[in-house]
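> Okay, here's the prediction I keep looking at, along with the sequence it came from:
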Amino acid sequence: MTLSLNDIEKLFEQRGGEQYTGEPVTQLQHALQSAYLGEQAGARDELVTAAFLHDLGHMLHDLGETPSMHGVDDVHQYRVVPFLRGLFSDVVIHAIQRHVDAKRYLCATRPKYYDALSEDSKRSLKLQGGIFSPEEAAQFIAEPGAPDAVHLRLWDDLAKQPEIQTPPLPHYMHIARRCALRT
C-alpha cells in the first residue's frame with residue numbers, strides 16, 4: 001500500500017512526538033533537522049525529501065523504545081520502501097533505502113567517523129552488518145543513489161540536537177509535494 005502525502009503528514013502529526021530511539025530528539029525533530037541540514041547544504045528537493053522521510057519506517061511499526069538495545073534491527077530503511085514507491089522517484093527511494101549502508105560505508109572510509117557516532121548508532125551498526133570491508137565499500141558507492149545516501153547519512157548523524165530550530169512540518173511537506181510523482 002502506497003502512502004499519500006496526506007497520510008505521511010498525519011503520521012508525523014500522530015507519531016512525530018515520539019522519542020527518536022536512543023536520542024534526545026523526537027521523530028519529528030529528527031526528520032525536520034535532517035531535511036533542514038540538507039536544505040542548508042543546497043541539496044535538490046528530492047534529496048531534502050529523502051532526508052525528511054529517511055526514518056519514516058520507524059513510525060510505520062511499533063517495536064518498542066530503542067529496539068537496538070534488545071538486539072533488534074528494525075530494517076526501517078527497507079520497510080518504508082513499499083509505502084513510498086509510486087509516490088516518489090527512485091532518487092528519493094534509493095537514498096532512503098541506502099542510508100543505513102551509508103553508515104557502514106562511512107565507517108569503512110573515514111577513520112574518525114565511527115568515534116563520532118552516538119551510542120545507539122554504534123549499537124545498531126552491529127545489528128545492521130557492521131563496518132563494510134574495502135570491497136563492500138567500493139561496491140556500495142557504485143550503487144544508484146549511494147552518493148546521495150552518504151550525504152543524507154551525514155545530515156542524519158547531526159540531526160539529533162534538541163536546540164536546533166527548523167522550519168515546521170508544512171515547509172517540508174511542501175517540498176515533498178514538489179517532487180512527488182502524484183499527490
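All right, it came through fine. Numbers count the residues shown, from 1 in each chain.
> Let's check: the centremost residue of the chain is which one?
Centroid-nearest residue in the chain, with CA atoms, centre = their mean: residue 54, separated by 2.7 Å.
> Check the contact between residue 48 and residue 38; I expect there is one.
Yes - in this structure, residue 48 is within contact of residue 38 by CB atoms under 8 Å, at 4.5 Å. For every residue, glycine as well, the C-beta is placed using N, CA and C.
> State the distance from residue 59 to residue 129.
23 Å (CB to CB, to the nearest Å).
> And the two? Which one has more around it.
Counted by other CB atoms under 10 Å, residue 59 and residue 129 do not tie: residue 59 has more neighbours, with 19 against 13.
> which non-adjacent residue is nearest that one?
For residue 59, ignoring the flanking residues on the chain, the nearest one in space by CB to CB, 6 or more residues apart in numbering is residue 15 at 4.4 Å.
> Can you list the residue ranges for helices in this structure?
Using DSSP state H, the helices of the chain run over 5-15, 27-40, 45-53, 56-59, 76-79, 81-84, 90-109, 113-116, 119-127, 134-141, 146-158, 169-179.
> Of these, which shows the lowest average pLDDT?
Within the helices of the chain, confidence is poorest for helix 76-79, with a mean of 62 (mean pLDDT).
> so how far is residue 149 from the residue located most distally from the centre of the chain?
Residue farthest from the centre of the chain, counting by CA atoms, centre = their mean, is residue 135 at 24.2 Å. Distance of residue 135 to residue 149, computed by CB to CB: 18 Å.
> what do you get for residue 117?
Residue 117 is 16 Å from residue 149, by CB to CB.
> Pick out whichever of those two has more residues nearby.
Between residue 117 and residue 149, residue 149 has the larger neighbour count (other CB under 10 Å), namely 30 against 16.
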